[in-house]
Structures are given as C-alpha cells and as structure tokens.
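S.K.: I would like to see how this sequence folds:
(chains A, B, C and D)
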Protein chains: 2
Amino acid sequence: MAGRNKPRLAEVAAAAGVSLGTASNVFAHPLKVRTEVRARVEAAARVLGYAGPDPAARLLRNGKVNALGIVAPMRFGVTDALLNSSFRLFMGGVAEVCDANNANLVIIPDPFGSDAIGSALVDGFIFGQVEHISVVEPARLRRLPYAVVDFDPGPDVNSVRIDARRGGYAAARHLVDLGHRRFAIMSFLRELSSARYYPPGEIRDPAIAGMPIDQEKMKGYGDALAEVRISLDDIPVVQAHPSDNTAASLLLDHSFGATAILSMSAMQGIAVMNEARIRGLDVPRDLSVVGFNDIPEAAISVPPLTVIDSANATKGRIAAEMVFHPSSPRTEILAPVLKLRSSTAPVPCD
Amino acid sequence: MAGRNKPRLAEVAAAAGVSLGTASNVFAHPLKVRTEVRARVEAAARVLGYAGPDPAARLLRNGKVNALGIVAPMRFGVTDALLNSSFRLFMGGVAEVCDANNANLVIIPDPFGSDAIGSALVDGFIFGQVEHISVVEPARLRRLPYAVVDFDPGPDVNSVRIDARRGGYAAARHLVDLGHRRFAIMSFLRELSSARYYPPGEIRDPAIAGMPIDQEKMKGYGDALAEVRISLDDIPVVQAHPSDNTAASLLLDHSFGATAILSMSAMQGIAVMNEARIRGLDVPRDLSVVGFNDIPEAAISVPPLTVIDSANATKGRIAAEMVFHPSSPRTEILAPVLKLRSSTAPVPCD
DNA sequence: ATCAGTTTTTGAATCGATCCAAAATTTATT
DNA sequence: AATAAATTTTGGATCGATTCAAAAACTGAT
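M.R.: Prediction:
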C-alpha cells in the first residue's frame, strides 16, 4: 500500500501539505502546532507507516543518545559481564540510575584494538575493573563524561572504589576476634593458568593477589594479623583464577590445620565450604570461612557465608550519578561492611 | 592548547591541507590514501585532539549502529532484568552472539508510553517475555529485524520458545515415576499482590498460572497427572508473585501431606525447600521438589534442586542469531530437559 | 614530450532530522 | 476597518560525517 521504503519526515510533511519544519514540530514540540494541523500530520504519518523521527538523525542534531555505556573489562566479554555475580550487582546499581533517568544501558565489550569505546553510541561511560588508565583515553578524547570503578585514576577523574584494605582488615580482624590464630588464604590469579600454592615462610609479593584491589585486601589481612603478631609471610596461600574450581581442594591440602580461611571472593569461599564438607569438616564448627562481595549466592549457601560487603550496587549507583550529572571530578571511597552470617564461629577448643 | 571545542573532521582536513573527502578516507578507508598524506592527516588529528569520526554522523550515513537491543519486559526495569537469574541467563545467550558479532548489547526498559523502542539506537530487537504482541509494533514500523521470546506471535514473526507444556509434563511425570501421588503446586501470580491459596476440588482456571508460558507448564502437569488419573482440580495450588517469599509457608500450610511439590520456578522451589527444612522436613526424603529453569542457584541450593531446564541461554542465542542474520520468519520450539539433582526421591514408604 | 592508463584527491550531494529568524496568519483592541 | 499583538508556519542553515563521479596527478611506454 504505502511507499515501499522507509518513509521520511519530508514525505509525511508533503502528504499532509505542511512544511518540513511543521512536521518536525508535530513530533518534537507538539504544542507548537495547531491541533487541526497536528492531527493531519499524524494521520499522514499513520497512512505512510512512518515510525517517528529517525533516532540517528535526531541524535546528530541533538547530540543526546540517552544511553550510558558500561565498558566490560577486557577479559570479560559482554557474556562474562552478565554472568559474573558481583559485576552484575554493580551493573544493577548502574541500571537503577539509568531507570531513574530513563536511559538505556549499553554493555560494551572492549577487546584490544576494537575502538568500541570510540564508536559506541552513548552519552557517557563507566569503566568497571580497569586494569590500566589508558583504557579511558577514547572517552576523554570524545569529551564524554566517565567514571572509573575500583581503580585509582588520580584526582582528575571521576572514580569510586571500596576501601579494600579496610575490608581485608575487617575480615581478618573478625576471625582474630573469634580467637582464630591459624589461617590460610585463598587468593586470586589474574591469568587463566593453574592454581599455585605458596607455603608459609616466604616473603609475600603483593602480586600474589591479582588485581590492585585484591592486593589491597591482602594488605588489610596483614594489618589485622600484625595486631596479633602473625605475619602474612607465615600463612599458606593458594592463588587461583576465579573460575578454577580445583583450588579449594589444593588449599585444604595445604592449610596446616588452619581454623579459618580468608577468601578474596564469595564464590571461592563457597567452594572452600563445599570442599570442607566433602572432607567431613563442619563449617563453622571446624573451620570458619570469610568471603568478599555480598553476592546472592553467599546468602543461600550452606551455611550462609560471612562476607565483606563491598557495596557493588552502591558503586554502580555512584558511578552512574557521576556520569549523568557531571561536575568537577570526584573520588569516592566507600567503607566495606562485615556481613555476619553463619560460616564463622569461635575457634574450636580442643 | 588545541581548539576549545570538539574538533570536526573538516578542521582536521584543513589543518592537514587536504580535502574533507580525503580526511574521511583516512579513517574509513585508509588504504585509499597515500601513506604520506595519511600520516599528515593523522598527525593533524592528534594535534587537534580529534577523537575519530563522530559515531552519530557516521551512523546517519551508514545506518549501522552495531548494537542489539534487548527489551526488558515492562514490569522489569533495566535493574530487574539484570537481577533476575533466568532473564540473565537468557541475556547471556544473547550476549554470546553479540560478542561473536562484535556488537554492543543495549538493555532497553519499556515503561508504558515511553517510545524507548522507537528511539533506541540499535540494529534490531529481542523481546523477552512478551505479554502482548503489540509491544513489537514500533520495531516493525522501524523496519528493524526482531525476535520474540517465550510467546507465540504467529508464523510471521521470528520467535523462539520452550515447549513449556512438555516441560511441565516432564516435571510431573518424573515425580509420578518416583511413585508420588500426593502433590501441591506453587504457581505464579502476575501482579504484585499477596499470595492466594486454591483448595482442592475447584475447577482450575489456567489463569492461576500467570503468564502464558506458565499456563502451559500447568497444562503439562495436568497431562502427566491425568496418566495416573489425578485431576489438577484436586491439587492444592498456591499462586504467588515471584518476589513473594511468604508463599512457601502458605503452600506447606495447605499441602495436605503432599509428598511432592511442583514449582514454576527454581527460586520458588528453593524457597519451598528452605521452608520445609524449617519445619523439620527432609528434602528429598520427606518431600520431593521440582523447579523450572536451571539457574545457578538451583545447582548450589541444599539439596541441589531438580529442575526442568528451559534452555534460557539457548533461547537467547537463537533469538540473537535471528536478528543478526534475518531471513524469512522462523519459529523455533525447544525441548525442555529434566535436570536430575537431589531434591527428588521415591515416595517415602510409611 | 605525448598519450594512455593508474592512482589520488577533490567537491558536491546526501543521510534525516532540528532549530530559528522571518513571514504569514489569526486574534484582540479600539 | 485598521492596527497592534500573539500565534503558526515556513524555508534554509546546520549537525558531522560518507560517497561517488569527475578532476588532477602521477606512471610508464613510445
């Protein structure tokens, strides 16, 4: 019936017998157009199957996309970003602010050399789990607002992060307060290679804790342990990629009768609890476990896992606010909170 | 140093002493430009702080956004879409295909009257959990490819869905095969109001199972039960909103000594198991529970929940493929699979 | 040095709207 | 009816690139 190809506003205007400007107003500023004329244009649009002003053209004029981009860390694709629980909570926080601002959320994978950031159709960016500040460069060049999460980019850039060292301190201090003195640490390996075991008695290179934020956690453990004269160097550490599910077993093989496990994530903590159960250990009676990041899995694990809540959703909300309402660059450092559940108990008296 | 405002390609061209066309070629078709000239243009771009061709302008000419939109069901915001496990698995499937096609994923909330779909900057749409076919209208008008998930839009539209009736059948048949004859059903309420209990002995209106897809599950239950001469009408049903966590208790209050619970989701199944534990019932010894949707929570619940896997990720992948490679409209109906875990056991002999 | 053949570069048209000053029309006032 | 004031409508400039036919510059062969 109507024209074969996608109708343009100009055709609608012609069909309605008005100028292009008026037709545009019908869609962009309906109140500026006389009711009768507006109805005529709308009718013409309906007849021609006009879908409304082309967003691309409108964008070029107005410069507003109405969308916020989350850059998924390089090692994540879009897929992993969605499936990782704590990243997802973080995105949930961002999404809340998007909802409030009626904006879409764009997930942008950032494989090396893709210029995905340079060409993404968004009004601003959020960089999650940045490994190097250079990734924000395309956003800066485009003069778009952006915020960086869980990384210290210095004071000139919007950023939010958790005080991970304080979080590590809280985790270890909690166990110390329960009387624990024999620990083992489940740590992160950045690359996807097999788990590594570090026996007690070696100097601990901070790099045995993956990303900068994890290294901070490790320092926090050290702070708390130092208060009871225990050196991090004397604690067995297993370092494993987050996706490595054999690591819990390696850790328990080498935990030297530890009564408490410090773990850098909730999933690792849960894996340790499961492995403990297999070995006939009762958590928390025989073994206490503390994890990081209060993801839903931690609340429904058996037993529910005591964690340091690193406020992922809050980080997302704050980062998104920074981008939606840009001002002079701010740095927010959030306080982690110990979330007491049932995976920790006083040290067993033998 | 360089100009205050965002530099345009024209300025770069002027600075490099070449025409606009040549400058454009440097970015869009570098091989068409002599090396020496290209270097000059690139240098000028660097000096001026040019971020590369404006995506909006490029889009207007080329018409390709390189992004796929997922329309979050009306009652979900962007937020809920991210936090709901099975929707997330579905998005994960979509995301895989996006990753493979180097495209961004846009999450589009669709509050009533927002025209978010009409104005979203995407190359195509995926509609998840559609309630009424009219929501796809803006996509059709825009002549963009789209696919509909878990809803039957007829043969003229791309769609994927699970054979939910068959899934319901498999769930109930599994319990029947284990010898169970006394059931109770945990069903879905579409609106967010308080849970409703339907005693045995009434005619069951299919609407007591929320969305069309859930009504299909209910029919499937009926099919299997009919094979052992049990009528759905004689089974107690509790109907509750997915987020209602008091419903499990209501169900167990009225389950008339049921030995098996049919549940329309995994989270509800888990809630039932937790409530059962509180009441001193052992799952699966005293009570068997089957859920729907194989979400990660089902694998780590205690005990791990037997579910009907409704292939959420696969649905996402197929829908995304349909949009990325449009052809004549297809309808895919997937077969659900019983995923046996530890929440079901033979009926207790008393 | 000339001519045909190639490779590069140019300049104008185009994508599809929005916006604004000026023109046209309508309404109000005397 | 004439004029001032208010409301609508118009036409053209603009957003920032890409594209393509035509012009220019370069090659190599004679």
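S.K.: relative to A:Leu105, how far out is the closest residue to DNA strand C within the stretch 251-350 of chain A?
M.R.: Closest approach between the stretch 251-350 of chain A and DNA strand C, counting by C-beta to the nearest atom of the strand: A:Phe324, at 19.6 Å. (Glycine included, C-beta is placed from N, CA and C.) Distance, A:Phe324 to A:Leu105, by C-beta to C-beta, to the nearest Å: 12 Å.
S.K.: before we move on, the earlier item: pretty sure the residue of the stretch 251-350 of chain A closest to DNA strand C contacts A:Val97?
M.R.: Yes: with contact defined as C-beta atoms under 8 Å, A:Phe324 counts as touching A:Val97 (6.3 Å).
S.K.: what does chain A have sitting close to DNA strand D?
M.R.: A:18-22, A:25, A:32-34, A:37, A:57, A:60-61 (C-beta under 7 Å from any atom of the strand).
S.K.: same thing but 6 Å
M.R.: A:18-22, A:32-34, A:37, A:60-61 (C-beta under 6 Å from any atom of the strand).
S.K.: CSV for these, including distance to chain B and pLDDT?
M.R.: Putting the residues of chain A next to DNA strand D into CSV (distance: C-beta to the nearest C-beta, whole Å; pLDDT from 0 to 100) gives the following:
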residue, distance to chain B, pLDDT
A:Val18, 21, 96
A:Ser19, 22, 96
A:Leu20, 16, 97
A:Gly21, 19, 96
A:Thr22, 20, 97
A:Lys32, 19, 95
A:Val33, 18, 95
A:Arg34, 23, 96
A:Val37, 21, 96
A:Leu60, 5, 96
A:Arg61, 9, 95
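S.K.: filter those residues to the buried ones?
M.R.: Buried residues within the residues of chain A next to DNA strand D, counting neighbours by 16 or more other C-beta atoms under 10 Å in any protein chain shown: A:18, A:22, A:33, A:37, A:60.
S.K.: what residues are up against the third one?
M.R.: Think A:Val33. Contacts for A:Val33 (C-beta atoms under 8 Å, 6 or more residues apart in numbering or on different chains) come out as A:22, A:25-26, A:41.
S.K.: and the strands in chain A?
M.R.: Using DSSP state E, the strands found in chain A span residues A:67-72, A:104-109, A:125-127, A:146-149, A:158-162, A:183-188, A:196-198, A:237-240, A:260-263, A:288-292, A:306-309, A:331-334, A:337-339.
S.K.: greatest separation within the residues of chain A next to DNA strand D: which pair is it?
M.R.: A:Arg34 and A:Leu60 (28.3 Å; C-beta to C-beta).
S.K.: now do the helices in chain A.
M.R.: A:9-16, A:20-28, A:35-48, A:55-62, A:78-83, A:85-100, A:116-119, A:137-141, A:164-177, A:212-226, A:247-253, A:266-278, A:296-300, A:312-324 (DSSP state H).
S.K.: ok, which of these comes nearest A:Ile126?
M.R.: Of all the helices of chain A, helix A:312-324 comes closest under C-beta to C-beta, at 4.8 Å.
S.K.: for chain A, give me the ranges with low pLDDT.
M.R.: A:1-4, A:74-77, A:350 (pLDDT under 70).
S.K.: what residue is smack in the middle of it?
M.R.: Centroid-nearest residue in chain A, with C-alpha atoms, centre = their mean: A:Phe87, separated by 3.3 Å.
S.K.: hmm, A:Gln129 and that one touching each other?
M.R.: Yes: with contacts counted by C-beta under 8 Å, A:Phe87 reaches A:Gln129, the gap being 7.3 Å.
S.K.: what's the overlap in contacts for these two?
M.R.: Contacts common to A:Phe87 and A:Gln129, judged by C-beta under 8 Å, 6+ apart, are absent.
S.K.: follow-up on the earlier one: tally up the residues packed near the residue of the stretch 251-350 of chain A closest to DNA strand C, please.
M.R.: 17 (other C-beta atoms under 10 Å in any protein chain shown).
S.K.: how close does it sit to A:Leu121?
M.R.: For A:Phe324, the distance to A:Leu121 - C-beta to C-beta - is 16 Å.
S.K.: do A:Ala39 as well
M.R.: With C-beta to C-beta as the criterion, A:Ala39 and A:Leu121 are 33 Å apart.
S.K.: with neighbour numbers in mind, choose between those two.
M.R.: When neighbours are counted by other C-beta under 10 Å, A:Ala39 and A:Leu121 differ, and A:Leu121 comes out ahead with 26 against 13.
S.K.: just flag the most distant two among the contacts of A:Val33.
M.R.: So, the contacts of A:Val33 by C-beta to C-beta: farthest apart are A:Asn25 and A:Val41, at 8.9 Å.
S.K.: ok, back up a step: closest to A:Ile333 out of the helices of chain A?
M.R.: helix A:164-177 (9.1 Å).
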